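[1] Below: sequence and its predicted model.
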Amino acid sequence: MTSAQITPQPTAKPLTSDEVLRIAREDAERVYQDLDRFRISLVLQPDGWHVEYTLAQPFVAGGGPHYVIDPVTGAILSKKYYQ
């Protein structure tokens with residue numbers, strides 16, 4: 001009986017925070033056009049990168065987009081638009 005050699009596959013390199021922000025920004029600009037009025041938060045959670053655009057001015061009606069982005073592929077796993 002011969003034993004098979006298993007060569008480990010290289011793991012995919014996670015995206016940088018700048019790459020994740022670019023993915024979210026490109027999608028958000030298609031819907032909101034001007035993103036200057038938003039404050040952006042970025043947090044890596046077990047289910048992916050969470051990118052949230054919140055209005056910089058308190059007590060203003062509306063809101064911004066919220067994303068969950070895969071940390072390796074960059075796929076948008078979830079998105080919600082608040083306007």
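    Nice, thanks for sending it over.

[2] Can you show me the CA trace of stretch 23-32 as CSV?
    In CSV, the C-alpha atoms belonging to stretch 23-32 read as follows (Å, rounded to 0.1, in the frame of the first residue of the first chain):
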residue,chain,number,x,y,z
ILE,A,23,-15.6,47.7,-2.5
ALA,A,24,-18.2,49.3,-0.1
ARG,A,25,-17.6,52.8,-1.5
GLU,A,26,-18.0,51.8,-5.1
ASP,A,27,-21.4,50.1,-4.3
ALA,A,28,-22.5,53.0,-2.1
GLU,A,29,-21.7,55.7,-4.6
ARG,A,30,-24.0,54.0,-7.2
VAL,A,31,-27.0,54.5,-4.8
TYR,A,32,-26.1,57.6,-2.7
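
[3] shaky segments in the protein?
    Residue ranges of the chain with pLDDT under 70: 1-10.

[4] can you pull out the strands in it?
    All strands of the chain, identified by DSSP state E, fall at 38-45, 48-55, 66-69, 76-80.

[5] Take the ones you listed and lay them out in a markdown table including mean neighbour count.
    C-beta coordinates here come from the backbone N, C-alpha and C atoms, glycine included. Formatted as a markdown table, the strands of the chain follow (neighbours: other CB atoms under 10 Å):
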| stretch | mean neighbour count |
| --- | --- |
| strand 38-45 | 13 |
| strand 48-55 | 20 |
| strand 66-69 | 21 |
| strand 76-80 | 13 |
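
[6] Compile those into a markdown table and extend it with columns for distance to S17.
    Formatted as a markdown table, the strands of the chain follow (distance: least, CB to CB, whole Å):
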| stretch | distance to S17 |
| --- | --- |
| strand 38-45 | 6 |
| strand 48-55 | 8 |
| strand 66-69 | 11 |
| strand 76-80 | 16 |
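
[7] so which of the ones you listed comes closest to E26?
    E26 lies closest to strand 76-80 among the strands of the chain, at 10.1 Å (CB to CB).

[8] what does the closest one rub up against?
    For strand 76-80, the surrounding residues in contact (CB atoms under 8 Å, 6 or more residues apart in numbering) are 23-24, 27, 47-48, 65-70.

[9] No further questions, thank you.
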